[in-house]
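Enquirer: mind folding the following:
(chains A and B)
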Number of protein chains: 2
Amino acid sequence: MQKIKTIAFDADDTLWVNEPLFRINEEKFDSLLKEYVSHSDITEKLYQTELKNLKHFGYGIKGFVISMIETAIELTNGEIKGCDLKKIIDWGKKQIDHPVNLLDGVEEVLRILKNNYQLMVITKGDLFDQESKIARSGLADYFDIVEIVSEKEESVYSLIIEKHKLKVDEFLMVGNSLKSDILPLVNIGAFAVHIPFHTTWVHEKVESKDLIGKHYVELADIRELLTLLK
Amino acid sequence: MQKIKTIAFDADDTLWVNEPLFRINEEKFDSLLKEYVSHSDITEKLYQTELKNLKHFGYGIKGFVISMIETAIELTNGEIKGCDLKKIIDWGKKQIDHPVNLLDGVEEVLRILKNNYQLMVITKGDLFDQESKIARSGLADYFDIVEIVSEKEESVYSLIIEKHKLKVDEFLMVGNSLKSDILPLVNIGAFAVHIPFHTTWVHEKVESKDLIGKHYVELADIRELLTLLK
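Expert: Numbers count the residues shown, from 1 in each chain, chains lettered A, B, ... in the order given. Okay, the predicted model is just below:
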């Protein structure tokens, strides 16, 4: 890792808390729907709707809100009350406006790395929401480049590296998602550091067989990056 | 305009049809709501909800869908039926997946200008939706740079010009919205060409007093750009 010149960070659940906010709303959704139906798999139904809607809406809270409304209508055969749907919309707004809570050690690590590396954010999801979170995080000044993308695939990473005239073997990506932040980078010949977060959306999970032969580093805490890069 | 090296185009209603798709859904929404309430100002109520929600959702179809649902619940005091709300979600999906219909002359003009200028797209709205439209438009190869932004303000344009190491007095923006595509550019010292579209969202309208003393060119058809730049 001596050659590394650019370090790119995923944002959600790498720099700040994100997934738990979805989980909280999923739990509220589950409780709300249980007033109408006796299904035990409400969250699974919601996930199926989200998956089906990804091709229309992409990632992000707005699509999540629409998927919750759609699932609620479907599971209750249209019997769900307007005031309950209004609650779902309000949960979404509250989630979007939620304070950005940095993960432990993030700011300290960025401050130190900034002296020796070009720093980037590469995050996927809703443009408006991600821009707002970067601004509210107070971290914007640490980053030379911010890239908000709709999907994190090999081709997208290759394009970013090319666009900024970087070299793939001088590039390190740090993130919590094996699927989005690690495997695509390993596959194009870049470095990758995986820092697992305690909560992972099922859509971001990968099977262990997909990890065979893949070279990346796993750290428990972002502060360990400093030791790794010494 | 002899000095111009870069021409940036707005996308929605400059390169392809967009606003009429919102109008169609607004009309459907109006008809649907009239089955419940006798209001004559349903569209106005929807617009007020959209405005109020801009700070949560930003621009784009997903926010529009949530605003329609919220307005429907509010205007019917929660009496709107689930199957009718499902219709609204389906209109939104249909709008997102709608074929991209290029405006007359667009491809011809881009093909010619490509020989002598660096071409860009600067569009605001939903990242996922805008990327999909650019891909489906078949125009992607004409553009050296694509910038999808959440708001079109002077500071955003200045940042784009700086980021790509361009000069403001060599930069021309072409678009249909005086508010988003013309005034911010004129105010930072760039060139701007306004090509009005027959339908403009009320949020994009500017008062005539705001145009006093502003220097920009108005064209009726994108093909007139070729004459203007000769």
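
Enquirer: residue contacts, the residue of chain A positioned farthest from its centre?
Expert: No residue in chain A sits farther from the centre than A:Glu79, which is 33.4 Å out by C-alpha atoms, centre = their mean. Neighbour list for A:Glu79: A:36, B:82 [criterion: C-beta atoms under 8 Å, 6 or more residues apart in numbering or on different chains]. All C-beta spots, glycine's among them, are computed from the backbone N, C-alpha and C.

Enquirer: report pLDDT for it.
Expert: The model reports A:Glu79 with a pLDDT of 94.

Enquirer: next: the one 4 residues further on.
Expert: Model confidence at A:Cys83, expressed as pLDDT, equals 94.

Enquirer: looks like it contacts B:Gly78 (just checking).
Expert: Yes. Taking contacts as C-beta atoms under 8 Å, A:Cys83 lies within contact range of B:Gly78: 4.9 Å.

Enquirer: the more surrounded of the two?
Expert: Between A:Cys83 and B:Gly78, counted using other C-beta atoms under 10 Å in any protein chain shown, the more crowded position is B:Gly78 (15 against 10).

Enquirer: what helices or strands is the longest strand seen in chain A leaning on?
Expert: Longest strand in chain A, counting residues (DSSP state E): strand A:118-124. In terms of contacts (3 or more C-beta pairs under 8 Å, 6 or more residues apart in numbering or on different chains; DSSP states H and E), strand A:118-124 is packed against strand A:6-9, helix A:127-137, strand A:145-149.

Enquirer: who does it pair up with?
Expert: Using DSSP bridges, the strands paired with strand A:118-124 are strand A:6-9 (parallel), strand A:145-149 (parallel).

Enquirer: contact residues of chain A facing chain B?
Expert: Residues of chain A found near chain B (C-beta under 8 Å from any C-beta of the partner chain) are A:53, A:56-60, A:62-63, A:65-66, A:69-70, A:72-74, A:76-83, A:85-86, A:89, A:92-93, A:96-97, A:126-129, A:131, A:148-150.

Enquirer: average pLDDT for the one helix or strand A:Asn25 maps to?
Expert: Using DSSP states H and E, A:Asn25 maps to helix A:19-34. Per-residue pLDDT over helix A:19-34 has a mean of 97.

Enquirer: what's the burial count for the closest residue to A:Ser137 other than its chain neighbours?
Expert: Nearest in space to A:Ser137, with sequence neighbours left out and distances taken as C-beta to C-beta, 6 or more residues apart in numbering or on different chains, is A:Val100 at 4.6 Å. A:Val100 has 17 neighbours, counted by other C-beta under 10 Å.

Enquirer: which residues touch A:Val100?
Expert: Neighbours of A:Val100 in contact, by C-beta under 8 Å, 6+ apart: A:16, A:133, A:136-137.

Enquirer: same check on A:Ala72?
Expert: Neighbouring residues of A:Ala72 by C-beta under 8 Å, 6+ apart: A:29, A:32-33, A:80, A:84-85, A:88, B:82.

Enquirer: out of those, who's nearest B:Thr199?
Expert: B:Thr199 has its nearest neighbour among those in A:Leu85, at 30.1 Å by C-beta to C-beta.

Enquirer: name the SS class of that closest one, please.
Expert: Three-state assignment for A:Leu85 (DSSP: H, G, I helix; E, B strand; the rest coil): helix.

Enquirer: the residue nearest to A:Ser137 and chain B: what is the separation?
Expert: According to C-beta to the nearest C-beta, to the nearest Å, A:Val100 and chain B sit 15 Å apart.

Enquirer: my guess is A:Thr71 contacts A:Thr49. True?
Expert: Yes. A:Thr71 lies in contact with A:Thr49 (C-beta under 8 Å); the separation is 4.6 Å.

Enquirer: and the residue nearest to A:Ser137, what helix or strand is that in?
Expert: Per DSSP H and E, there is no helix or strand for A:Val100.

Enquirer: can you list contacts of the helix holding A:Asn25?
Expert: Residues outside helix A:19-34 that contact it (C-beta under 8 Å, 6+ apart): A:12-13, A:39, A:42-43, A:46, A:64, A:68, A:71-72, A:75-76, A:84, A:87-88, A:91-92, A:95, A:98, A:197, A:199-201.

Enquirer: please identify the buried residues of it?
Expert: For helix A:19-34, a neighbour-count test (16 or more other C-beta atoms under 10 Å in any protein chain shown) marks A:19, A:21-22, A:25-26, A:29, A:32-33 as buried.

Enquirer: list just the nearest of the residues you listed to B:Ile222.
Expert: In terms of C-beta to C-beta, no member of these lies closer to B:Ile222 than A:Phe22, at 43.0 Å.

Enquirer: which parts of chain A are helices?
Expert: Secondary structure of chain A (DSSP state H): helices at A:19-34, A:42-57, A:61-75, A:82-96, A:106-113, A:127-137, A:154-163, A:183-188, A:224-228.

Enquirer: and of the ones you listed, who's closest to B:Asn116?
Expert: Among these, the nearest to B:Asn116 by C-beta to C-beta is helix A:154-163 (23.0 Å).

Enquirer: give me the mean pLDDT for that closest one.
Expert: Rounded mean pLDDT across helix A:154-163 is 96.

Enquirer: what's the burial count for A:Ile73?
Expert: Under the neighbour criterion other C-beta under 10 Å, A:Ile73 is assigned a count of 20.

Enquirer: OK, contacts around the closest residue to A:Gly78 other than its chain neighbours?
Expert: Leaving aside its sequence neighbours, A:Gly78 sits nearest to B:Gly82 (C-beta to C-beta, 6+ apart; 2.6 Å). Shown in contact with B:Gly82 (C-beta under 8 Å, 6+ apart): A:72-73, A:76-80.

Enquirer: show the end-to-end separation of stretch A:163-177, please.
Expert: In terms of C-alpha to C-alpha, to the nearest Å, the two terminal residues of stretch A:163-177 are separated by 24 Å.

Enquirer: buried residues in it, which are they?
Expert: Neighbour-count burial for stretch A:163-177 flags A:166, A:170-177 (criterion: 16+ other C-beta under 10 Å).

Enquirer: what of stretch A:199-210?
Expert: Buried-residue list, stretch A:199-210, by 16+ other C-beta under 10 Å: A:200-201, A:204.

Enquirer: rewinding a little: what's the closest of the buried residues of helix A:19-34 to B:Pro184?
Expert: Closest to B:Pro184, out of all of the buried residues of helix A:19-34 and judged by C-beta to C-beta, is A:Leu21, at 33.6 Å.

Enquirer: so how far is B:Leu54 from that closest one?
Expert: For A:Leu21, the distance to B:Leu54 (C-beta to C-beta, to the nearest Å) stands at 21 Å.
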